[in-house]
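Q: with the sequence up front, the predicted model follows.
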Amino acid sequence: MALAAHQKESEKLHLRQLFESDPDRARKFHIQWRDFVVDYSKNRITSETIDLLLQLADEVRLKESMASYFGGDVINETEGRAVLHTALRAAKDEVVKVDGENVVPEVHQVGEHIKTFSEEIIAGKKKGFTGKPFTDVVNIGIGGSDLGPVMVTEALEYYKNHLRVHFVSNVDGDHVHEVLKHIDPETTLFVVVSKSFTTQETLSNALTIKRWFLQYASPEDVAHHFVAVSTNLEKIKEFGIADENVFPMWDWVGGRFSLWSAVGLSIALSVGYDNFTQLLEGAREMDNHFKETDFSENIPVILALLSVWYNNFYGAETEAIIPYSQYLHRFSAYLQQGIMESNGKSVDRSGEQVGYQTGTIIWGEPGTNSQHAFFQLIHQGTKLIPSDFIGFKESLHGDTDHHNKLMANFFAQTEALMNGKIPEEVRQELENQDYNNEEIDFLLPFKVFEGNKPTNTILIKKLTPKTLGALIAMYEHKIFVQGVIWNIFSFDQWGVELGKQLAKNILQDIENPQIGPHDASTEQLLRFFKD
Ligand SMILES: O=P(O)(O)OC[C@H]1O[C@](O)(CO)[C@@H](O)[C@@H]1O
């Protein structure tokens with residue numbers, strides 16, 4: 001394949017040389033779009049690489065797949081569903097059909113419900129069972145019903161109102177009990193979020209909270225303090241939630257892409273509905289950019305192709321995502337589900353084992369903390385770790401002193417990763433510090449930086465609800481493009497089922513005297529646990 005042969009050649013090149021030999025490189029390999037600058041020039045690529053990768057996008061018929069994705073075709077074939085998180089941010093006059101029905105009016109109707117509900121809670125018009133306004137919100141959900149809301153409410157903390165928002169996700173009782181310590185039943189609203197309303201963790205946490213609540217309130221008060229977001233309206237009723245407190249969602253929205261729906265209710269409660277709609281608008285703008293822009297200037301397409309380049313041709317297994325913003329401290333955790341649950345597949349669309357690498361391992365922490373934690377390995381370790389650096393031009397607090405220092409680190413790291421430090425530079429530096437020759441010869445190999453480490457720099461004007469929406473949508477579309485290239489189904493998640501099933505059986509073993517047949521190791525461990 002042309003790309004494999006090309007990789008053999010490009011492997012010999014160093015980013016330093018590539019910059020030295022082409023003064024136009026930074027201009028050539030960057031995309032400016034609205035408040036975003038995406039500089040991908042610090043990658044091990046030439047114009048030929050990009051041409052070959054764009055050719056690959058054509059060969060896999062990416063354009064046609066995009067039309068199916070946005071058009072509501074059943075592209076989640078193993079679950080028989082369309083994949084339409086993009087419809088959740090569609091403008092009122094757009095038409096997006098599922099089974100011949102335009103779903104946009106319904107989406108906007110739920111949006112209106114989110115608006116009135118959140119505004120009444122924020123304004124203190126809707127009150128708790130003793131007539132006091134709400135002060136706290138607890139989001140009860142897991143996976144996509146938790147990670148998106150928690151990431152966005154943290155990311156938009158600067159924009160938040162007086163409501164304190166808490167998240168309970170883990171079935172580990174420590175999580176729920178710690179949250180219960182900090183809330184008052186009279187003034188807390190509980191938002192139970194579960195697309196299926198059958199998830200063990202969420203139902204257990206919701207029931208524990210309901211039991212706790214009923215120590216202070218009567219059963220009819222549940223209707224005022226609990227709201228639910230789900231596709232499973234029957235189960236919600238059984239739980240005792242009032243009809244007006246039910247926010248529907250749809251099976252054509254995957255959990256990990258659902259924060260744009262009523263799953264984002266805790267976001268709207270935390271930052272207000274206007275900010276929530278700004279988030280959607282940012283995502284819509286990115287959708288349009290993705291749909292309408294030539295692939296050579298298309299941010300999600302270029303980022304996806306670069307990721308494929310390292311994953312499939314350089315053998316890189318992981319990608320680091322490093323936001324230089326403390327507000328984005330849950331961003332990589334959020335993308336871990338988005339990317340790894342979507343593209344962690346080893347069977348292609350015809351049911352055959354793939355003979356190539358698929359989904360990348362995603363990890364990361366905010367800069368500058370990450371520099372003091374794991375950057376040693378990125379700079380001088382043996383592994384190739386392509387990294388996305390995300391930073392903002394303006395500081396929200398207007399603190400230029402801190403922001404300049406933060407951003408100096410942001411730029412310095414990608415420059416250092418790219419250039420490295422050659423032996424001559426190290427020698428000169430040590431000589432200047434009056435080291436003798438023997439000391440220099442000893443220290444030199446440890447102080448050399450090979451460089452040539454690829455990074456993308458995503459520089460955004462300011463962290464706002466709108467730019468955040470666009471940033472999240474950018475990664476959503478990157479996931480989609482990669483799924484098309486790898487010919488896998490990105491929108492199911494069968495791989496999470498087996499563990500769930502076994503846990504059900506093991507719970508029986510734990511709660512009953514008998515331990516069912518297991519492998520010798522599991523059985524022995526269960527005996528230790530029960531003794
Ligand atoms: O919203 P639900 O149905 O409770 O599911 C929670 C999460 O569980 C999964 O199905 C599997 O982890 C995710 O895809 C989903 O986001």
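A: Noted; the coordinates are in hand. This one's a predicted model, so the numbers in the text were calculated from it and none came from an experiment. Numbering: from 1, shown residues only.
Q: which residues touch the residue of the stretch 201-350 of the chain found nearest the ligand?
A: Closest residue of the stretch 201-350 of the chain to the ligand, C-beta to the nearest ligand atom: residue 255 (2.6 Å). For every residue, glycine as well, the C-beta is placed using N, CA and C. Neighbouring residues of residue 255 by C-beta atoms under 8 Å, 6 or more residues apart in numbering: 143, 144, 145, 195, 263.
Q: before we move on, what about residue 144?
A: Contacts of residue 144 by C-beta under 8 Å, 6+ apart are 195, 254, 255, 256, 257, 258, 259, 263, 337.
Q: are any of those buried, and if so which?
A: 195, 254, 255, 256, 257, 258, 259, 263, 337 (16 or more other C-beta atoms under 10 Å).
Q: need the strands for the stretch 301-450 of the chain, in chain order.
A: For the stretch 301-450 of the chain, the strands defined by DSSP state E, counting those that start in this stretch cover 318-323, 361-363, 387-392.
Q: in its sheet, what does the second one sit against?
A: When you say that, I think you mean strand 361-363. Using DSSP bridges, strand 361-363 pairs in its sheet with strand 318-323 (parallel).
Q: on that earlier part again, what would the contacts of residue 144 look like in CSV with pLDDT?
A: Converted to CSV, the contacts of residue 144 look like this (pLDDT from 0 to 100):
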residue, pLDDT
195, 95
254, 98
255, 98
256, 98
257, 98
258, 98
259, 98
263, 98
337, 98
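Q: hang on, the earlier thing: now render the strands of the stretch 301-450 of the chain as JSON lines, adding distance to the ligand.
A: Listed next are those as JSON lines, based on distance: least, C-beta to the nearest ligand atom, whole Å:
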{"stretch": "strand 318-323", "distance to the ligand": "19"}
{"stretch": "strand 361-363", "distance to the ligand": "15"}
{"stretch": "strand 387-392", "distance to the ligand": "23"}
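Q: now mean pLDDT, distance to residue 131 and mean neighbour count too, for those strands, in TSV please.
A: What follows is these, written out as TSV (pLDDT from 0 to 100; distance: least, C-beta to C-beta, whole Å; neighbours: other C-beta atoms under 10 Å):
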stretch	mean pLDDT	distance to residue 131	mean neighbour count
strand 318-323	98	42	23
strand 361-363	98	47	18
strand 387-392	98	43	24
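Q: count of neighbours near residue 493?
A: Residues within reach of residue 493, counting by other C-beta atoms under 10 Å, total 21.
Q: related to what we said a few turns ago, wait, which of the strands of the stretch 301-450 of the chain is closest to residue 297?
A: For residue 297, the closest of the strands of the stretch 301-450 of the chain is strand 387-392, at 18.4 Å, according to C-beta to C-beta.
Q: what is that closest one packed up against?
A: The contact analysis (3 or more C-beta pairs under 8 Å, 6 or more residues apart in numbering; DSSP states H and E) places strand 387-392 against strand 318-323, helix 400-419, strand 455-460.
Q: tell me the mean pLDDT for the last one?
A: For strand 455-460, the mean pLDDT works out to 99.
Q: does anything pack onto that strand? Which helices or strands?
A: strand 36-39, strand 387-392, helix 400-419, helix 465-486.
Q: same check, this time on the second one
A: With contacts defined as 3+ C-beta pairs under 8 Å, 6+ apart, the packing partners of helix 400-419 are helix 15-21, helix 375-380, strand 387-392, strand 455-460.
Q: let me see the contact set for residue 75.
A: 65, 68, 69, 82, 83, 489, 491.
Q: select only the buried ones of the residues you listed in ChimeraX?
A: Selection command for ChimeraX covering only the buried members of the contacts of residue 75, criterion 16+ other C-beta under 10 Å:
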select :65,69,82,83,489,491
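Q: so which of the contacts of residue 75 also contact the ligand?
A: Checking these against the ligand by C-beta under 6 Å from any ligand atom, not one of them is in range.
Q: how about the contacts of residue 75 in JSON lines, adding secondary structure, pLDDT and distance to residue 122?
A: Converted to JSON lines, the contacts of residue 75 look like this (DSSP: H, G, I helix; E, B strand; the rest coil; pLDDT from 0 to 100; distance: C-beta to C-beta, whole Å):
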{"residue": "65", "secondary structure": "helix", "pLDDT": "98", "distance to residue 122": "41"}
{"residue": "68", "secondary structure": "helix", "pLDDT": "98", "distance to residue 122": "39"}
{"residue": "69", "secondary structure": "helix", "pLDDT": "98", "distance to residue 122": "35"}
{"residue": "82", "secondary structure": "coil", "pLDDT": "98", "distance to residue 122": "33"}
{"residue": "83", "secondary structure": "coil", "pLDDT": "98", "distance to residue 122": "32"}
{"residue": "489", "secondary structure": "coil", "pLDDT": "98", "distance to residue 122": "40"}
{"residue": "491", "secondary structure": "coil", "pLDDT": "98", "distance to residue 122": "34"}
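Q: from the contacts of residue 75, pick the one nearest the ligand.
A: Among those, and counting by C-beta to the nearest ligand atom, the member closest to the ligand is residue 491, at 9.9 Å.
Q: hey, what's the nearest residue to the closest one once chain neighbours are set aside bridged with?
A: Closest residue to residue 491 apart from its sequence neighbours, by C-beta to C-beta, 6 or more residues apart in numbering: residue 76 at 3.9 Å. Bridge pairing for residue 76 (DSSP bridges) gives the partners residue 81.
Q: count of residues packed around residue 76?
A: If we define neighbours as other C-beta under 10 Å, then residue 76 has 18 of them.
Q: that one contacts residue 488, correct?
A: No: with contacts counted by C-beta atoms under 8 Å, residue 76 stays clear of residue 488, the gap being 11.7 Å.
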